[in-house]
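> Predicted model and sequence below, questions to follow.
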Amino acid sequence: MPNSFKLNLVQRPRRLRRTPAIRALLEDVVLRTEDLIAPLFVIDGKAAPEAIESMPGVLRLNLSDLVKECLALRRLGVRAVALFPKLDAGLKDPDGTAALREDALILRAVRAVKKSVPDLVVMTDIALDPYTVHGHDGVLKADGSDVDNDATVGILTRMSVLHARAGVDLVAPSDMMDGRIGAIRSALDAAGFEETAIMAYTAKYASAYYGPFREAVGSSKAAGTRSLDKRTYQLNPANRREGLAELQLDVAEGADIVMVKPAGLYLDVIHELRRGTHRPVAAYQVSGEYAQIQAAARLGWLDLAACRRESLIAIKRAGADMILTYFAREMAAELRG
Ligand code: PBG
């Protein structure tokens, strides 16, 4: 029963939430299809698309299916893809030498996509984890105690030049070695690729939310665990200033775009980077963030479309200009209406 109690208020914010039309007038952050980058997993040979158990709806694609997927994304208005190879176990070794092969799967993938969908922005991951038997992002020191920072950077510079030659628009070093952005910039410039941009994984945290991705590229299988310990190179989830320190370094070394990863759990870090630089900021909604929403939706506990939208708008609201997300295709389809 309503009673006669009355507040004497000057401000009643709910006036502006009254109708859908008023709410639309006031909308602050807008998610655009052009903000989305679709990560895609690539396999060699002619196999049918392979499901990834912990990432429902995401498939590993052979080259011709990859091209079809890129055409479909482009038709939906998605302008950018990030390619990740999954190698056969037989091609992996301790030093990740397959990363430097001239006929590497990832190079063939880049060329195939660029040939069929020339105006799609193509970026590739620069790190050794899909190529090493131990699943680390770099080569290890002789005693196996840790990654060898400088030796790894040397390999990544060569890898970056190969990717640039294959036609990528951006290389995205995700390895977190010290000094790699500057070294990659110099190597690209020396090889005549001053137009190839660098999206630096700047504040990449040692997160447990990468588990499904490691299944997708086979690095957990190679290493025998999904919880590879990368804490000597990825950031401590407890630290915020450390992300800003990495930001200063990456910008000084020539990063064109800086990234925060994961995204949804690190909105404060996205916000800090947004305030700390005039460079564009990207955020990566990682595999575990995707898997969480998918799993809860499958149980009927969360609404998939609504959580997809809200999770992405929150990342944009925090300050991201662009978002890598496994929801890219569905989100684009929804935005198209
Ligand atoms: C590897 C890499 C990882 C991701 C992107 N590149 C995993 C890792 O660092 O172990 C994670 C992406 C995701 O979880 O979706 N260099």
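Everything's here; your move. Numbering: from 1, shown residues only.
> Quick check: residues of the stretch 1-150 of the chain near the ligand?
For the stretch 1-150 of the chain, the residues in contact with the ligand (CB under 6 Å from any ligand atom) are 125, 127, 129, 137. Every residue, glycine included, has its C-beta placed from N, CA and C.
> In TSV: these, plus secondary structure, neighbour count and distance to K204.
Listed next are those as TSV, based on DSSP: H, G, I helix; E, B strand; the rest coil; neighbours: other CB atoms under 10 Å; distance: CB to CB, whole Å:
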residue	secondary structure	neighbour count	distance to K204
D125	strand	24	11
A127	coil	28	10
D129	coil	28	12
D137	coil	28	10
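> Contact partners for the residue in the stretch 1-150 of the chain that the ligand sits nearest to?
Closest residue of the stretch 1-150 of the chain to the ligand, CB to the nearest ligand atom: A127 (3.5 Å). Contacts for A127 (CB atoms under 8 Å, 6 or more residues apart in numbering) come out as 137-138, 156, 173-175.
> Go through those residues and flag which are in helices.
Among these, DSSP state H puts L156 in helices.
> any idea which of the contacts of A127 is closest to L302?
Of all those, S174 has the smallest distance to L302: 28.5 Å, by CB to CB.
> And that closest one, how close does it get to R308?
Computed as CB to CB, to the nearest Å, the S174 to R308 distance reads 24 Å.
> Quick check: residues of the stretch 151-300 of the chain near the ligand?
Residues of the stretch 151-300 of the chain lying near the ligand (CB under 6 Å from any ligand atom): 174-175, 210, 213-214, 230, 286-287.
> TSV for those, including neighbour count, pLDDT and distance to P94?
Formatted as TSV, those follow (neighbours: other CB atoms under 10 Å; pLDDT from 0 to 100; distance: CB to CB, whole Å):
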residue	neighbour count	pLDDT	distance to P94
S174	23	97	20
D175	25	96	16
Y210	26	96	21
F213	26	95	21
R214	22	93	18
K230	21	95	16
V286	26	98	26
S287	25	98	25
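> who touches A206 in this structure?
229-231, 234-237.
> which non-adjacent residue is nearest it?
What sits nearest to A206 in space, not counting adjacent residues and going by CB to CB, 6 or more residues apart in numbering, is Q234, at 3.7 Å.
> same check, this time on D88
The spatially closest residue to D88, leaving aside those adjacent along the chain, is D44, at 6.9 Å (CB to CB, 6+ apart).
> rewinding a little: okay if I get the residues of the stretch 151-300 of the chain next to the ligand as a markdown table plus distance to L304 and secondary structure?
Listed next are those as a markdown table, based on distance: CB to CB, whole Å; DSSP: H, G, I helix; E, B strand; the rest coil:
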| residue | distance to L304 | secondary structure |
| --- | --- | --- |
| S174 | 27 | coil |
| D175 | 33 | coil |
| Y210 | 22 | helix |
| F213 | 20 | helix |
| R214 | 24 | helix |
| K230 | 30 | coil |
| V286 | 18 | coil |
| S287 | 16 | helix |
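> tell me the two of these that are most distant?
Every pair of these checked by CB to CB; the farthest is D175 and S287, at 17.5 Å.
> picking up where we left off before, burial measure for the residue nearest to A206, as a count.
20 (other CB atoms under 10 Å).
> I'd guessed it sits against S207; true?
Yes - the criterion here is CB atoms under 8 Å, and Q234 meets it with S207 at 7.4 Å.
> hang on, the earlier thing: taking the contacts of A206, please make a ChimeraX selection of just the buried ones.
Buried members of the contacts of A206, defined by 16 or more other CB atoms under 10 Å, are picked up in ChimeraX with:
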select :230,234,235,237
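> Kindly indicate which of the contacts of A206 lies nearest K6.
Relative to K6, the closest of those is P237; by CB to CB it sits at 48.5 Å.
> Okay, and that closest one sits in which element?
Using DSSP states H and E, P237 maps to neither a helix nor a strand.
> contacts for the helix or strand bottoming out on mean pLDDT in the chain?
Every helix and strand in the chain was compared by mean pLDDT, DSSP states H and E; the lowest is helix 219-223, with a mean of 78. Applying CB under 8 Å, 6+ apart, the contact partners of helix 219-223 are 89, 92, 129-130, 132-136, 211, 214-215, 226, 228.
> can you check stretch 297-315 too?
With CB under 8 Å, 6+ apart as the test, stretch 297-315 has contacts from 29, 31, 36, 56, 263-264, 267, 270, 283, 285, 289, 293-294, 296, 323, 325, 327, 330-331, 334.
> Repeat that for stretch 178-192.
Outside stretch 178-192, the residues touching it (CB under 8 Å, 6+ apart) are 126, 149-150, 152-154, 156-158, 160-161, 164-165, 171, 173, 194, 196, 198, 200, 249-250, 252-255.
> Can you turn the buried part of the residues you listed into a PyMOL selection?
A single PyMOL command suffices to select whichever of the contacts of stretch 178-192 are buried according to 16+ other CB under 10 Å:
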select buried, resi 126+149+152+153+154+156+157+160+161+164+165+171+173+196+198+200+249+250+253+254+255
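> Narrow the contacts of stretch 178-192 to those in strands?
126, 171, 173, 198, 200 (DSSP state E).
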